[in-house]
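Undergrad: give me the fold of what follows.
(chains A and B)
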Number of protein chains: 2
Amino acid sequence: MDIRSIFSGIQKQVPDEILETILQADQFKIERIISRGHATAEGEWYDQDKNEWVIVLKGNAGLLFEGNDKAIIMKTGDYVNIPAHRKHRVEWTEPEEDTIWLAIHY
Amino acid sequence: MDIRSIFSGIQKQVPDEILETILQADQFKIERIISRGHATAEGEWYDQDKNEWVIVLKGNAGLLFEGNDKAIIMKTGDYVNIPAHRKHRVEWTEPEEDTIWLAIHY
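TA: This next block holds a predicted model:
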């Protein structure tokens, strides 16, 4: 069996956020996302056709949902289920270390 | 939005392995499994009707696949995709700390 680590195979430089498909199934996709200081562009929102269950496996991030005043701080181990078309944006991620997310799009 | 931590809400005593459904979707289920020294019963194998993608989020475990001589050691961050009916067993988990698994059954 092929064992891998979610923490390995990360480039030293992460100029852009890295999205990798870990598993593609019929009805869902598991993705690893690596952020290093990245945030959603100013004034932009994610407005996704699919639901997304996401957990932070390393690092910290601020996640803002439309209609909220303040970003929610997501620490290592925190997860949230984001329904399709629930607008949200990543306000910030740790600038000096990787923030590693595991996302399930379904 | 409802943010939770995968590391919270764990009982102090874990006499039996704890399985909790985190998300139930149409085609898959996300489950949290907490082991503390637990192993699959002697001579028993998991023989599952569904595929299982599983990652260790805390702790360590030994996972044996039928036909292999030695258990594979799974550390924090390690993941594996186990096809349906691929027989396997948990040989051991850390006795003194929680091993927390996130499993996606699909």
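Undergrad: CA only for contacts and neighbour counts going forward, please
TA: Fine.
Undergrad: wait, doesn't A:His38 sit right on A:Glu96?
TA: No - the criterion here is CA atoms under 8 Å, and A:His38 misses it with A:Glu96 at 10.6 Å.
Undergrad: so which of the two has more stuff around it?
TA: A:His38 (20 against 9; other CA atoms under 10 Å in any protein chain shown).
Undergrad: what sits against the more buried one?
TA: Neighbour list for A:His38: A:16-17, A:92-93, A:95 [criterion: CA atoms under 8 Å, 6 or more residues apart in numbering or on different chains].
Undergrad: which bits of chain A sit near chain B?
TA: A:1-7, A:27, A:57, A:65, A:74, A:77-82 (CA under 8 Å from any CA of the partner chain).
Undergrad: can you give me the strands in chain A?
TA: Using DSSP state E, the strands of chain A run over A:4-5, A:18-24, A:29-35, A:52-58, A:61-65, A:72-74, A:78-82, A:88-93, A:99-105.
Undergrad: return the most buried member of those strands.
TA: Across these, averaging neighbours per residue (mean count of other CA atoms under 10 Å in any protein chain shown) puts strand A:99-105 on top, at a mean of 23.
Undergrad: now it: average pLDDT?
TA: Strand A:99-105 comes out with an average pLDDT of 98.
Undergrad: can you tell me which helices and strands it packs against?
TA: When contacts are defined as 3 or more CA pairs under 8 Å, 6 or more residues apart in numbering or on different chains; DSSP states H and E, strand A:99-105 packs onto strand A:29-35, strand A:52-58.
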